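Trainee: A predicted structure for the sequence below; I have some questions about it.
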Amino acid sequence: PVLRVAIMGLGSYGTRVAEAMQTCKRAKLVGVISGTPAKIKDWQSKYNIPEKNCYNYENYDSVKDNPDIDAIYVITPNGLHHQAVLRIAAAGKHAICEKPMAINAQEGQEMVDACNKANVKLLVGYRMHFEPNTLEIIRMRNEGELGKIMFFQGLSGFKIGDPTQWRLDKELAGGGAMMDIGIYSINGARYMVGEEPIWVTAQETKTDPIKFKEGVDETIQFQLGFPSGAVASCLSTYSMNHLDRFFLNGDKGFAELQPSTGYGPIKGRTHKGELMKPHITHQTVQMDQMAGIISAGEKAVVPVDGAEGVKDLKIIDAIYEVCKTGGKKKLDL
Ligand code: NAD
């Protein structure tokens, strides 16, 4: 069966997902939810979307009575994900939600609980979990080719422009660079090391307190410790372009990805040579795989469910806390 999806939030990433879905085999874009009638008209003609599958933010609870939509993909600003997923669950539809799934772990857990209670699936848009060179490193690690994993470095950043955008608004973004781009290093540390961290330390620096207001982080360095003794050292920033690098080292060898989380091609090498997996459009593969997870109970190599999203948010909550208090905080994921 094909997973019939409506996209909520027809902005820049929503548009990218819609384009990528045109070549999906198991997922199909069939509906939209938007506050802008002109965008709805445009998408209707571009993607052949029937009027009865078009909603706005006031009336989309009635998707409950629409048998032609299976899932809703939330691609709005971070601070709006929580309420949207609760409403989608109440309407009995599966939810796919962009990262960060919410702006703190408590909200994330409420979303997981609501979807469990409604017996619908909740998945988070972790597209790297389906990226072939990333999966090749995970395979090598699992088969012992890197030896005992000792160290991960994650560098995630870009230079943010327009100071009036929602990404620099605490209410809508939930924070700053950490919520938006640093989360790639957090999530990456977990899937590259292959363990859940047990402690975190973090330090925040700000060069522009006018652009980056209270509660909106510009640059944060953080360190994670893992049960095996492996450690991670990461940087999240809104002040450097082309910062997108993962480096993993074990006692036998290394793996590196640069770029590591951009839209691709993702490039990398290990002590054995260059990684050669072909580039695929991340969002196309993600949506086909998610269709399999939702409709056929398939499993991803690295999970993309709500519980996975909550783990990243617990780490982000702890990072924000230790940036203020200093010291080292234990994590219980
Ligand atoms: P965007 O600003 O381009 O689009 C956001 C959309 O939400 C717009 O169409 C806007 O009209 C709509 N919206 C609805 N209510 C709004 C409100 N109250 N205030 C502002 N906008 C409102 O942003 P984007 O880059 O598309 O990001 C959207 C989400 O997608 C974010 O959560 C972001 O983290 C995520 N994202 C994920 C990836 C990825 O690679 N997985 C990439 C980019 C963005």
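Mentor: Thanks, I have the structure now. Residues are numbered from 1 along each chain as shown.
Trainee: Could you use CA atoms for every contact and neighbour count after this?
Mentor: Will do.
Trainee: Now do the helices for this protein: every range, in order, please.
Mentor: For the chain, the helices defined by DSSP state H cover 12-21, 37-47, 81-90, 105-117, 132-142, 170-173, 177, 183-193, 282-296, 306-325.
Trainee: For the spatially most central residue of the chain, give its distance to residue 17.
Mentor: With distances taken as C-alpha atoms, centre = their mean, residue 99 lies nearest the centre of the chain, 3.3 Å away. Per C-alpha to C-alpha, to the nearest Å, residue 99 is found 14 Å from residue 17.
Trainee: now swap in residue 265 and tell me
Mentor: In terms of C-alpha to C-alpha, residue 265 sits 17 Å off from residue 17.
Trainee: These two: which is more packed in?
Mentor: Between residue 265 and residue 17, residue 17 has the larger neighbour count (other C-alpha atoms under 10 Å), namely 21 against 18.
Trainee: can you tell me which residues contact the more buried one?
Mentor: Residues in contact with residue 17 (C-alpha atoms under 8 Å, 6 or more residues apart in numbering) are 283-284.
Trainee: What of residue 220?
Mentor: 178, 202-205, 235-237.
Trainee: quick one: it and residue 233, what's the gap?
Mentor: 11 Å.
Trainee: can you list the residues of the chain near the ligand?
Mentor: For the chain, the residues in contact with the ligand (C-alpha under 6 Å from any ligand atom) are 9-14, 75-78, 98-100, 125, 180.
Trainee: okay but residue 249 is in contact with residue 154, surely?
Mentor: No - Residue 249 lies out of contact with residue 154 (C-alpha atoms under 8 Å); the separation is 11.9 Å.
Trainee: More neighbours: those two, which one.
Mentor: The neighbour comparison of residue 249 against residue 154 (other C-alpha under 10 Å) goes to residue 154, with 29 against 23.
Trainee: ok, the spatially closest residue to residue 138 that is not a sequence neighbour - how many residues close by?
Mentor: Distances taken as C-alpha to C-alpha, 6 or more residues apart in numbering put residue 192 closest to residue 138, at 6.5 Å, once the chain neighbours are dropped. Using other C-alpha under 10 Å, residue 192 has 24 neighbouring residues.
Trainee: How is this structure divided into domains?
Mentor: Domains of the chain are assigned by automatic domain parsing as 3-126, 128-277+304-330.
Trainee: would you list those in TSV and tack on mean pLDDT?
Mentor: Formatted as TSV, the domains of the chain follow (pLDDT from 0 to 100):
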stretch	mean pLDDT
domain 3-126	98
domain 128-277+304-330	98
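Trainee: about what we covered before: any idea how far the residue nearest to residue 138 lies from the ligand?
Mentor: 18 Å (C-alpha to the nearest ligand atom, to the nearest Å).
Trainee: List the residues that contact the residue lying closest to residue 20 once chain neighbours are set aside.
Mentor: Sequence neighbours aside, residue 284 is the residue nearest to residue 20 in space, at 4.9 Å (criterion: C-alpha to C-alpha, 6+ apart). With contact taken as C-alpha under 8 Å, 6+ apart, residue 284 is in contact with 17, 20-24.
Trainee: List only buried entries from those.
Mentor: Applying 16 or more other C-alpha atoms under 10 Å to those, the neighbour count classes 17, 20-21, 24 as buried.
Trainee: Can you tell me which of those residues is closest to residue 106?
Mentor: Residue 106 lies nearest to residue 17 out of the buried ones among the contacts of residue 284, by C-alpha to C-alpha, at 27.6 Å.
Trainee: Okay, the closest one and residue 283: tell me how far apart.
Mentor: Residue 17 is 6 Å from residue 283, by C-alpha to C-alpha.
Trainee: what does residue 254 give?
Mentor: 28 Å.
Trainee: coming back round to it: hmm, the residue nearest to residue 138 is touching residue 152, no?
Mentor: Yes - between residue 192 and residue 152 there is a contact under C-alpha under 8 Å: 7.5 Å.
Trainee: Comparing residue 254 and residue 283, which shows the higher neighbour count?
Mentor: With neighbours defined as other C-alpha under 10 Å, residue 254 and residue 283 compare such that residue 283 has more, 24 against 21.
Trainee: quick one, what contacts that one?
Mentor: So residue 283 contacts 16-17, 20-21, 127 (C-alpha under 8 Å, 6+ apart).
Trainee: Go again with 6 Å.
Mentor: Residues near residue 283 by C-alpha atoms under 6 Å, 6 or more residues apart in numbering: 17, 20.
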